[in-house]
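Asker: From the sequence below, what's the structure:
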Amino acid sequence: IGALTNVKVLALTENKFTGTLPAELNDLTSLEVLAIQREGGSSDDPDQNPEGVGITGPLLSFNKLTKLRQLYLGLNSLTGTIPFDFLDGVEDKSAPIDVDLISNKFTGRLPAALVQFDQMTIYAAGNELTNIADGLCLKDNWMKKQVAKFDCDAILCPPN
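Answerer: Predicted coordinates:
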């Protein structure tokens, strides 16, 4: 998979994949959209998705994906903390970026490094996150300006 360096969109949704995310995904430096979601079920309700189904193991940092704009990994069984250098390699931090991590098994906190993004929409509900790093709840343009209205609730509450 690491040889696909010119691929811009990799959409592999609802294929009932199991196993871990291949580290070679971080070598797809032209990637703008990565979607490997709904591998653990099709419901947005985490209670409807059996534990250990879909993609498991740790989240990659995706810190080499300089052009990434959309990352969809929701409804899997990814575990551990969100890496401190998550998405660090994205070049244009002022452009909108969408991240779906909903209904996995992440623990810890949303990392402070995400504060460098001006217009992020990040769905993180349905995990076991304990808090959000300082500064993220002050990003008024995040979540399509919902953070300005609802503070941290806009980030950790389910969509709608």
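
Asker: Count the neighbours of the closest residue in space to residue 103 that isn't next to it in sequence for me.
Answerer: Using Cβ to Cβ, 6 or more residues apart in numbering and skipping residues adjacent in sequence, the residue nearest residue 103 is residue 126, 3.6 Å away. Yep, even glycine has a C-beta here, placed from its N, CA and C like the rest. Look at residue 126: counted by other Cβ atoms under 10 Å, it has 21 neighbours.

Asker: can I assume residue 126 is in contact with residue 106?
Answerer: No: taking contacts as Cβ atoms under 8 Å, residue 126 lies outside contact range of residue 106: 9.3 Å.

Asker: what's near enough to touch the nearest residue to residue 15 once chain neighbours are set aside?
Answerer: Ranked by Cβ to Cβ, 6+ apart and with sequence neighbours excluded, the top spatial neighbour of residue 15 is residue 39, at 6.7 Å. Residue 39 sits next to 13-18, 53-55, 75-76 when contact means Cβ atoms under 8 Å, 6 or more residues apart in numbering.

Asker: ok, and what's touching the worst-scoring helix or strand of the chain on mean pLDDT?
Answerer: Between all helices and strands in the chain, the lowest mean by mean pLDDT, DSSP states H and E belongs to helix 153-156, at a mean of 86. Counting contacts by Cβ under 8 Å, 6+ apart, the residues outside helix 153-156 that touch it are 110, 122, 124-125, 129, 132, 136-137, 142-143, 146-147.

Asker: how about the helices in this protein?
Answerer: Per DSSP state H, the chain carries helices over the ranges 146-150, 153-156.

Asker: okay, and for the chain, where does confidence drop off?
Answerer: By pLDDT under 70, the low-scoring segments of the chain are 40-52, 160.

Asker: the strands in the protein, which residues?
Answerer: Along the chain, counting by DSSP state E, strands occupy 9-11, 19-20, 33-35, 55-58, 70-72, 77-81, 97-100, 105-110, 120-123, 128-132.
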